[in-house]
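Asks: One predicted model, sequence on top.
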Amino acid sequence: MFGKRLIEYVIAFMALIILNFVMPRLMPGDPIDAIYGNELVALTPELREQLRAQYLLDQSIWSQFLHYLYSIASGDLGYSYAGKAPVIDIVAGALPWTILLVGTALFGAITIALFLGIESGWRRGERLDRYLFAIFSIINGIPGFFIGMILIIIFALNLKVLPAGGAITHYAGYTGSEYAIDVARHLILPATALCVSELSWIYLLMRGGIISVINEPFIKTGMLKGLDDRTIRYRYAARNALLPVFTRIGIQISQIVAGILIIEAVFTYPGIGYLLHDALLTRDLPLIQGILLIVTISVLAINFTMDILYPRIDPRIRHV
Amino acid sequence: MLEINDLTLQYTADFVESGIIRVLDGISFYLKKGESIGIIGESGSGKTSLGMAVMGLSGGEVSGEIRFGGVNLLDLTDEEMRVVRWNRISMVMQNTGNVLNPAYTVEEQITEPITKHGLDSKIGAQERASLLLREVGLDSDKLNAYPVELSGGERQQVLIAMALANDPELIIMDEPTASLDVLTRRRILGLLDRIKEERSLLVISHDASTVASLENLIVLYSGRVMEAGKTDLLLKDPRHPYTRDLLRAHPFMDTTKDLQGIRGKMPTLYDLPTGCRFSTRCTQKIAICEERPPELTGCRVRGEDGSQDGDGGTYRRIACHRGGIHTLLQVNSLNKEYQNRSRNRSRTVAALNDISFELQVGEIVALVGATGCGKSTLAKVVTRIFKPDSGEIFYDGEEIHAIDAKRFHKDVQMIFQDPLDAVNTRFHVLKIVREPLEIQGKIEKQEMIRKVKHTLDEINLPSDDIFLKKYPHQLSGGELQRVTIARALITDPKLLIADEPTAYLDPSVQAKILKLLMRMQNTRGMTMLFITHDIALARKVSDRIFVMREGDLVEQGVSSDVIYSPKHVYTKELVYGAEGAAGYIYKSIRS
Ligand code: SF4
């Protein structure tokens, strides 16, 4: 079963690469025009020739493809004329910021959402549950960028306690702990915005999961065994309600990624999302292509990891 | 050790008119240390709620007392009750798919209560888990299995091992054998037998054979106890109409009679009858049954030999206003002689020789004997066609000859061997069937026709005008016998005497007529005396069998006893003689 999944991932990955290779070559006209357009750089005949040679455009499609594979494998995703640097370097510069942001936000969102979801679902109909449910149902309807903008207006523009954008204060020359505090201050607002917008749906999912297992016979078994309430709530109810929640998080990964891109754009946070936003504005096709490749590979990798994790979360999976 | 007094459990529910759903009502029983008790009842009788109430997890409003080791569990706080659970009383829930926590291994689930209650270290608990697993007959490599990896039977074994984990004094088991195959079931029952040697056991089941080996038995119906007593006696000789009906519906290995469902439906918990809970389905109810519920009191028990015993000598209680299954017909020392004239010599032959027996409401008794043994004479004496030389016959407490003829014939009807004996061949079907009604008089013509049609429908005969106008010679043997059955049933008799009703019919028609008679008996709750020379037939239709020879009633008893352990030589002869082609089945059951 595992092997089958693996093959599926390899196929998906191949398809992705091929798509990335074929797309510019399918566009009408010279692929060079398609890739570099005319507005960005003055395509002098010499430059054009140089590019044709670089992409082996005069050779057969096969050798082009092999060359392409070779360059990806060696980390060459092309050259961004707008950024005046190899695509791979630009992406590599942005990636850590995204990881930092997403890591913090999702970690916060998942822990808080699971905790609240479990407690709320277990006390279904009680006051705490009614309030939490109402609050998160409302938040769940608000788009992420809107939350981000509200945060900016309140904390950055009005209260002026936190920076409105960016990841660090430029030219401040901070080092050591000062640098870390600066990074954290910049992180708070975008991470909170992302956290809140992901939190609500995970909370709703977890709460629903708990409610759906609460009448399962094994919960009664746990009570009969004279176990304390917390053990039953976590080891019996939550543990078994978790799998559908994780599955849904897996399915939602692409939406989460979209959410990240938007939040980064709103906070001008120099991660992959903001980079893509910039690249789109400047129509920097090599960069766009590089980013999409990296993002999709990441999504694939996350899904793959989750697939490996499922059976650890729920032993039932091993037998279906 | 466990003593339950007047336990009542009810839930409030706004969707019902009364606002209350009463699941248990005034339950009382006790269980001594080391004893075992079974609780049987159909689903919805409240038996699982009873188990949950003892564990303090039923929810709802609980009143009364649940004394365990002298302490009323209902007085304990949640925290105190938590300590009682599993340490002193454990419960094996019904073995459904998700009764074990799907996310943990067998070992984790068995050790969990041990470590969480602080009885032992993790290592100690693990050792105990593997010991317990072997004790219930599983390999210890199942310790690392997850619940999904277990078969239904293995899961049951794990559940039992888990229940033993904290060495409780009392184990409650809910349907321990439900949905298991025969072999697994036997293994589990063997396990129960071993467990009950060491601790008290309360087994809840809808299935009487699961609880058959326990010492005591309680029959629950709609949240009330109907009958309670020693299990073997109760199963052999149920005294409450409900218990009898329940057992009739249940296949025991030695059941001889065809299974019969219980007529009607169990009342819903929010719409219970004010009186006896069983009154909506009982066939012997009287006015008071609908007014107030009967108390659970001691009752008389029929002895082995058919004699009546004051209090049974055994502990037996029953909740019925009529003291249990009512005696409909009581026959005391009947004698009748014939003058047999042959070759100019006159000889006195005893057709009935000191015959005594009882028939109870709703039972089928087969009277078996050879031709000329006096069984038809007996039928005719009981139906007042002949007068006995001496002896008494009481119908519902009255001497039959003192009963007004009309009333007697409304209540007691007979079906004859030869349908032509019963019908006037110049009458058509309508006339034949309605004749007994006409004798009763005081009934409108339209009403009469409606009744005739209804009765014909009931016994699967056409009721259209063409059929009603048919004459006996236009009917087949089977049809004609059905017509006489309709004729016998039209007055709604309480006692039906069927004298070889299928003797003239070929086997397939015979089977149909028998099924029909049993169905009618069951739905109407009539008492039936079924006379036959064929003991193989008798065993399929009867609750009890009487054996007659040359005017003597040589043996009477519960059908399975008479068939599987006949006492009188003549009965033995009959039974072994009848084995025939099916002999090997019979022998294999016996061995
Ligand atoms: S006779 Fe009355 S009290 Fe007895 S079981 Fe029937 S309905 Fe209930």
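Replies: Structure's in. What do you need?

Asks: report the longest helix in chain A, please.
Replies: Once chain A is assigned using DSSP state H, the helix that runs over the most residues is helix A:176-213.

Asks: helices or strands up against that one?
Replies: Helices and strands touching helix A:176-213, as assessed by 3 or more CB pairs under 8 Å, 6 or more residues apart in numbering or on different chains; DSSP states H and E, comprise helix A:87-122, helix A:127-140, helix A:144-151, helix A:239-266. Where C-beta positions appear, they are placed from N, C-alpha and C, glycine not excepted.

Asks: Figure out which of those helices is closest to residue B:187.
Replies: Evaluated over the helices and strands packed on helix A:176-213, closeness to residue B:187 peaks at helix A:239-266, with 29.3 Å, by CB to CB.

Asks: distance between the closest one and the chain's centre?
Replies: Distance of helix A:239-266 from the chain centroid (CA atoms, centre = their mean, to the nearest Å) equals 8 Å.

Asks: Same check on stretch A:173-180?
Replies: Between the mean C-alpha position of stretch A:173-180 and that of its chain there is a distance of 27 Å (CA atoms, centre = their mean).

Asks: Need the mean per-residue confidence for the helix or strand hosting residue B:225.
Replies: Using DSSP states H and E, the element containing residue B:225 is strand B:224-230. Averaged across strand B:224-230, pLDDT comes to 90.

Asks: Would you tell me which of the helices and strands packed on helix A:176-213 gets closest to residue B:286?
Replies: Using CB to CB as the criterion, the shortest distance between residue B:286 and the helices and strands packed on helix A:176-213 is 52.5 Å, found for helix A:87-122.

Asks: Can you tell me which helices and strands the closest one packs against?
Replies: For helix A:87-122, the packing partners by 3+ CB pairs under 8 Å, 6+ apart come out as strand A:79-80, helix A:127-140, helix A:176-213, helix A:239-266, helix A:272-282, helix A:285-313.

Asks: Surely residue B:433 is in contact with residue B:490?
Replies: Yes: in terms of CB atoms under 8 Å, residue B:433 counts as a neighbour of residue B:490; the distance is 5.9 Å.

Asks: hmm, back to that, put together CSV for the helices and strands packed on helix A:176-213, with distance to the ligand and mean pLDDT on each row.
Replies: As requested, these are arranged in CSV below (distance: least, CB to the nearest ligand atom, whole Å; pLDDT from 0 to 100):
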stretch, distance to the ligand, mean pLDDT
helix A:87-122, 45, 91
helix A:127-140, 47, 93
helix A:144-151, 68, 89
helix A:239-266, 45, 84
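
Asks: Now mean neighbour count too, for those helices, in a markdown table please.
Replies: Supplementary listing: the helices and strands packed on helix A:176-213 in a markdown table, determined by neighbours: other CB atoms under 10 Å in any protein chain shown:
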| stretch | mean neighbour count |
| --- | --- |
| helix A:87-122 | 20 |
| helix A:127-140 | 14 |
| helix A:144-151 | 18 |
| helix A:239-266 | 19 |
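
Asks: could those go into JSON lines alongside distance to residue B:328?
Replies: Compiled in JSON lines, the helices and strands packed on helix A:176-213 are given as follows (distance: least, CB to CB, whole Å):
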{"stretch": "helix A:87-122", "distance to residue B:328": "59"}
{"stretch": "helix A:127-140", "distance to residue B:328": "61"}
{"stretch": "helix A:144-151", "distance to residue B:328": "82"}
{"stretch": "helix A:239-266", "distance to residue B:328": "58"}
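
Asks: ok and the residue in the stretch 51-200 of chain B nearest chain A?
Replies: The minimum distance from the stretch 51-200 of chain B to chain A, using CB to the nearest CB, falls at residue B:85 (3.3 Å).

Asks: go on, the stretch 251-400 of chain B?
Replies: residue B:269 (19.1 Å).

Asks: on that earlier part again, and the helices and strands packed on helix A:87-122 as JSON lines, adding distance to residue B:553?
Replies: Conversion of the helices and strands packed on helix A:87-122 to JSON lines gives the following (distance: least, CB to CB, whole Å):
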{"stretch": "strand A:79-80", "distance to residue B:553": "112"}
{"stretch": "helix A:127-140", "distance to residue B:553": "73"}
{"stretch": "helix A:176-213", "distance to residue B:553": "64"}
{"stretch": "helix A:239-266", "distance to residue B:553": "65"}
{"stretch": "helix A:272-282", "distance to residue B:553": "99"}
{"stretch": "helix A:285-313", "distance to residue B:553": "73"}
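
Asks: To residue B:472, which of these lies closest?
Replies: Across the helices and strands packed on helix A:87-122 (criterion: CB to CB), the nearest stretch is helix A:176-213, sitting at 67.6 Å.

Asks: Show the contacting residues for residue B:295.
Replies: Applying CB atoms under 8 Å, 6 or more residues apart in numbering or on different chains, we find residue B:295 in contact with residue B:319.

Asks: just residue A:241 next, same as before
Replies: Applying CB under 8 Å, 6+ apart, we find residue A:241 in contact with A:118, A:121, A:206, A:209-210, A:212-213.

Asks: correct me, but residue B:13 touches residue B:60?
Replies: No: the pair formed by residue B:13 and residue B:60 falls short of the contact definition of CB under 8 Å, at 9.8 Å.

Asks: Where does the prediction get shaky in the chain?
Replies: Let's take chain A. Judged by pLDDT under 70, chain A has its weakly predicted residues at A:1-2, A:24, A:26-43, A:55-57, A:315-320.

Asks: oops, I was thinking of chain B
Replies: Low-confidence segments of chain B (pLDDT under 70): B:251-256, B:259, B:299-315, B:341-346, B:579-591.

Asks: Point out the residues in it that sit beside chain A.
Replies: When proximity is defined by CB under 8 Å from any CB of the partner chain, chain B lies next to chain A at B:55, B:57, B:82-87, B:90-91, B:93-94, B:96, B:98-104, B:112-113, B:116-117, B:146, B:148-149, B:162.

Asks: returning to what we had before: how about the longest helix of chain A: buried residues?
Replies: Across helix A:176-213, burial judged by 16 or more other CB atoms under 10 Å in any protein chain shown covers A:182, A:186-187, A:189-207, A:209-211, A:213.

Asks: sec struct for residue B:11, please.
Replies: Look at residue B:11: counting by DSSP: H, G, I helix; E, B strand; the rest coil, its state is strand.

Asks: List the contacts of it.
Replies: B:20-21, B:23, B:59-61.

Asks: Where do the strands of the stretch 401-550 of chain B begin and end?
Replies: Chain-ordered strands for the stretch 401-550 of chain B, with DSSP state E, counting those that start in this stretch as the definition, fall at B:412-415, B:495-499, B:527-532, B:544-549.

Asks: Measure how the second one sits relative to strand B:527-532, angle-wise.
Replies: It stands for strand B:495-499. Between the direction of strand B:495-499 and that of strand B:527-532, the angle (axes from the mean of the first three to the mean of the last three CA atoms, to 10 degrees) works out to 10 degrees.

Asks: how far does strand B:495-499 sit from the chain's center?
Replies: In terms of CA atoms, centre = their mean, the gap separating the centre of strand B:495-499 from the centre of its chain is 21 Å.

Asks: Phi, psi for the nearest residue to residue B:155 once chain neighbours are set aside please.
Replies: Setting aside the residues directly before and after it, residue B:155 is nearest to residue B:95 in space (CB to CB, 6 or more residues apart in numbering or on different chains), at 5.8 Å. Backbone dihedrals for residue B:95, given as degrees, to the nearest 10, come out at phi -80, psi 70.
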